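1. This is a predicted model, with the sequence first.
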Amino acid sequence: VGGRVRGGSAPASAVAMEAAAQAMESYRGRDNALRTACYASRLFGGLLVASDGPQRVALGRRLLLLSRELGGCRTVLRLFDSLSVYLQCREYGLGAQEKDSIVRWSSVIINAADQLYYPCEHLAWAADTSIISIQAEGWWTATTLLWGLALATGVVRSFRALLLLRKRLRKSENRGHVQVGDSPTFSRKVYKMEVRAEILNIISNLSDLGNAIHWMPAGFLWSGKFPDWLVGLMGSVSSLIGVYQMSCKKDLRKDL
């Protein structure tokens, strides 16, 4: 309904609100906001429930309930993700364009795990809501295993990508310059951004992997051992990294 009107230099609070509003206009932006709110509620709710005082405990339980509802909301919204994930996987295929075999097959495994994750989650959700008459527990276990597989493989891929980036950087420095295309200055910036992105990917994936193992079947490593506040903390770390990376991509598009 028409574009937003801007005049002069806006205060920082107005700029932040504008950026938040623009982010919320996209599906990924809303999902990042929901995910961050979900895990933050679980973090603070878990801390309050573990504290002294009936009022704090009561507030903590409300926050934990809010976290569950937000998580359920994200599950419902993911019902519409299957087609886009399929198209992304089909576009990548077997990764013939990749020069490194480890990056290539890691990406293929991640895509396959993602592709299988969604129908398993849809079936688990449908069973939980009594839309279909099957046992939900097995399907939830399958989704957690697939999620954990994708996360662990993502860590391997990011470590490999870091090694490749450093090799490229050393090779370029040995020639006396760092150059991609026609802009040496831009290429240095890209190298730094790519290294930072991969390090953040590793931290994010490891944080989520900690939670994935917590939700694995009983008896597997630390399954079921995390308190609510720790689940919230791990998820908040990965969520905030996702928000930051989304913001960086937006800024990069502006620079280009």
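-> Here it is on my side, so go on. Model, not experiment: these values are computed from the prediction.
2. What mean pLDDT does the helix or strand containing residue 192 get?
-> Taking DSSP states H and E as the definition, residue 192 sits inside helix 184-214. If you average the pLDDT over helix 184-214, you get 88.
3. So for that helix, what gets flagged as buried?
-> In terms of neighbour count (16 or more other C-beta atoms under 10 Å), helix 184-214 has its buried residues at 187-188, 190-191, 194, 197-198, 200-202, 204-214. The C-beta positions use only the backbone N, C-alpha and C, and glycine is treated the same way.
4. Against which helices or strands is it packed?
-> helix 136-174, helix 228-255 (3 or more C-beta pairs under 8 Å, 6 or more residues apart in numbering; DSSP states H and E).
5. Adding distance to residue 46 and mean pLDDT as columns, could you present those in CSV?
-> Converted to CSV, the helices and strands packed on helix 184-214 look like this (distance: least, C-beta to C-beta, whole Å; pLDDT from 0 to 100):
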stretch, distance to residue 46, mean pLDDT
helix 136-174, 20, 93
helix 228-255, 3, 86
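6. For these, give me JSON lines that also has distance to residue 103.
-> Putting the helices and strands packed on helix 184-214 into JSON lines (distance: least, C-beta to C-beta, whole Å) gives the following:
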{"stretch": "helix 136-174", "distance to residue 103": "6"}
{"stretch": "helix 228-255", "distance to residue 103": "19"}
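7. In TSV: these, plus distance to residue 30 and mean neighbour count.
-> TSV is the format used below for those (distance: least, C-beta to C-beta, whole Å; neighbours: other C-beta atoms under 10 Å):
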stretch	distance to residue 30	mean neighbour count
helix 136-174	20	17
helix 228-255	11	17
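8. wait, which of those helices is closest to residue 21?
-> For those, the distance to residue 21 is smallest for helix 228-255, at 13.0 Å, taking C-beta to C-beta.
9. and the closest one with helix 136-174, angle?
-> Using axes from the mean of the first three to the mean of the last three C-alpha atoms, to 10 degrees, one finds that helix 228-255 and helix 136-174 are set 50 degrees apart in direction.
10. count of residues packed around residue 38?
-> Summarising burial for residue 38: neighbours were counted as other C-beta atoms under 10 Å, giving 23.
11. Could you check how far it is from residue 237?
-> According to C-beta to C-beta, to the nearest Å, residue 38 stands 13 Å off from residue 237.
12. got it, and residue 53?
-> Taken as C-beta to C-beta, the spacing of residue 53 relative to residue 237 amounts to 27 Å.
13. repeat for residue 221
-> Distance check for residue 221 against residue 237: by C-beta to C-beta, it reads 19 Å.
14. Likewise for residue 136?
-> From residue 136 over to residue 237 (counting by C-beta to C-beta), the distance is 28 Å.
15. And for residue 159?
-> When C-beta to C-beta is applied, the distance between residue 159 and residue 237 equals 18 Å.
16. coming back round to it: the helix holding residue 192 relative to helix 136-174, how many degrees between them?
-> 150 degrees.
17. can you give me how far helix 184-214 is from the chain middle?
-> On the basis of C-alpha atoms, centre = their mean, to the nearest Å, helix 184-214 is displaced by 11 Å from the centre of the chain it belongs to.
18. And for residue 85, the neighbour number?
-> Each residue near residue 85 was counted by other C-beta under 10 Å, and the total is 15.
19. got a list of what residue 232 touches?
-> For residue 232, the contacting residues are 39, 40, 41, 42, 43, 44, 45, 46, 67, by C-beta atoms under 8 Å, 6 or more residues apart in numbering.
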